[in-house]
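**Student:** no FASTA, just this:
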C-alpha cells in the first residue's frame, strides 16, 4: 500500500509579507501597557504633585533631566507613544481612506511627522543643556 | 436582515461605543503629542522660549482643555487595558460589557481627584 501525503485541512497559506500585522497588533498591546505606567507617572509627577502645572518652567525640566532616571523615562515614553500613535493612525487611514492616492499621501505625511517627532524629541533629551540658563543654581552649572 | 430578540451583543452597545471612543481619543492624543514634543523642544532654544511656551498651558482656557486631554488619556489607557483583557484573558470576551463598567468606575476614581487638583492649580493661583 502506497502512502500519499495529503495536506492538512485549513493549513495556513504562506505569505511573502511576513507577520507585520500580527507583530504590530502585539506591539499595540505591549506598548500600551507600558505607556499606562509611563504616562500615568508623568501626569502624576508633573500635574498632581506640588503646585502642578504652575511649577513647570525651564528649571523644572532641568531638575528632572539632571536625573538619568527621568531621561530614560521620557525617552521611552516618547518612542513608545509616537510608534503606538503612528501605528494607530496607520490603522485608521487603512480603514477610512479608500483611494490609493489618499492612503499614500496620508501615510507619507504620517511617517514623515512621526520620524520628525522621534528625532527631535530624542535630540532634545540627549543634548539638553541646563546651563544655558544664566541664573541656574544647579551644581553642574557652577563656574569652575 | 437577520434580527434577534435581544439585539446583537456588540453593535450599538457598550462594546461598539468604547471602540469608537478609543479611536477618537487616540487621534486626539496623537495630535497633542506632536504639539507637546515641539513645545518641550523649546528647552533647547532658551529658558525664555520654553517658559513662554508653557505659560500658554497655565492659561485658564487651556487649563480646561487639559482636563479634556487627561480625560482622553485616562479613557484610552483604561479601555486599552480592557482590550488586552478581552484579547488575552480566557474570560475576557464573555465579560467585555461588564469590563466597560469597570473602565467607567476606575476612570471616575482617577479623573475626579485630578479635576479637583488641576483646577485648583489653574484657577487658585
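**Tutor:** Structure's in. What do you need? Values in this document were obtained by computation on a predicted structure and should not be read as measured data.
**Student:** And residue B:38, how close does it get to chain A?
**Tutor:** Noted for residue B:38: a distance of 7 Å to chain A, by Cβ to the nearest Cβ, to the nearest Å. In short, each C-beta sits where N, CA and C put it, glycine included.
**Student:** Alongside chain A, which residues does chain B contribute?
**Tutor:** Contact residues, chain B versus chain A (Cβ under 8 Å from any Cβ of the partner chain): B:23, B:26-27, B:29-30, B:33-34, B:37-38, B:40-41, B:43-44, B:46-47, B:50-51, B:54, B:57-58, B:63, B:66, B:70, B:73, B:77, B:80-81, B:83-84, B:87-88, B:114, B:117-118, B:121-122, B:125.
**Student:** Now with 7 Å, please.
**Tutor:** B:23, B:26-27, B:29-30, B:33-34, B:37, B:40-41, B:43-44, B:46-47, B:50-51, B:54, B:57-58, B:70, B:73, B:77, B:80-81, B:84, B:87, B:114, B:117-118, B:121-122, B:125 (Cβ under 7 Å from any Cβ of the partner chain).
**Student:** mind listing what the closest residue to residue B:60 other than its chain neighbours touches?
**Tutor:** Leaving aside its chain neighbours, residue B:60 sits nearest to residue B:122 (5.8 Å; criterion: Cβ to Cβ, 6 or more residues apart in numbering or on different chains). Neighbour list for residue B:122: A:53, B:58, B:60, B:63 [criterion: Cβ atoms under 7 Å, 6 or more residues apart in numbering or on different chains].
**Student:** Which among these count as buried?
**Tutor:** With neighbours counted by 16 or more other Cβ atoms under 10 Å in any protein chain shown, those contain buried members at A:53, B:58, B:63.
**Student:** Let me know the secondary structure of residue B:15.
**Tutor:** helix (DSSP: H, G, I helix; E, B strand; the rest coil).
**Student:** meant to ask about residue A:10, not that
**Tutor:** Classification of residue A:10 by three-state DSSP places it in coil.
**Student:** which of the contacts of residue B:122 sit farthest apart?
**Tutor:** Across these, no pair lies farther apart than A:53 and B:60, at 11.1 Å, counting by Cβ to Cβ.
**Student:** Show me the shaky parts of the chain.
**Tutor:** No chain was given, so I picked chain A. Across chain A, residues meeting the criterion (pLDDT under 70) sit at A:1, A:11-17, A:143-144.
**Student:** wait, I meant chain B there
**Tutor:** For chain B, the ranges with pLDDT under 70 are B:1-9, B:125.
**Student:** Walking through chain A, point out its helices one by one.
**Tutor:** Applying DSSP state H to chain A gives helices spanning A:20-43, A:58-65, A:68-96, A:100-127.
**Student:** Tell me which of these is the most buried.
**Tutor:** Highest mean neighbour count among these (mean count of other Cβ atoms under 10 Å in any protein chain shown): helix A:58-65, with a mean of 19.
**Student:** Pull out the buried positions in the helix or strand where residue B:31 lies.
**Tutor:** Using DSSP states H and E, residue B:31 sits within helix B:14-41. The neighbour-count check on helix B:14-41 (16+ other Cβ under 10 Å) flags B:14-15, B:18, B:21-23, B:25-26, B:28-30, B:32-33, B:36-37, B:40-41 as buried.
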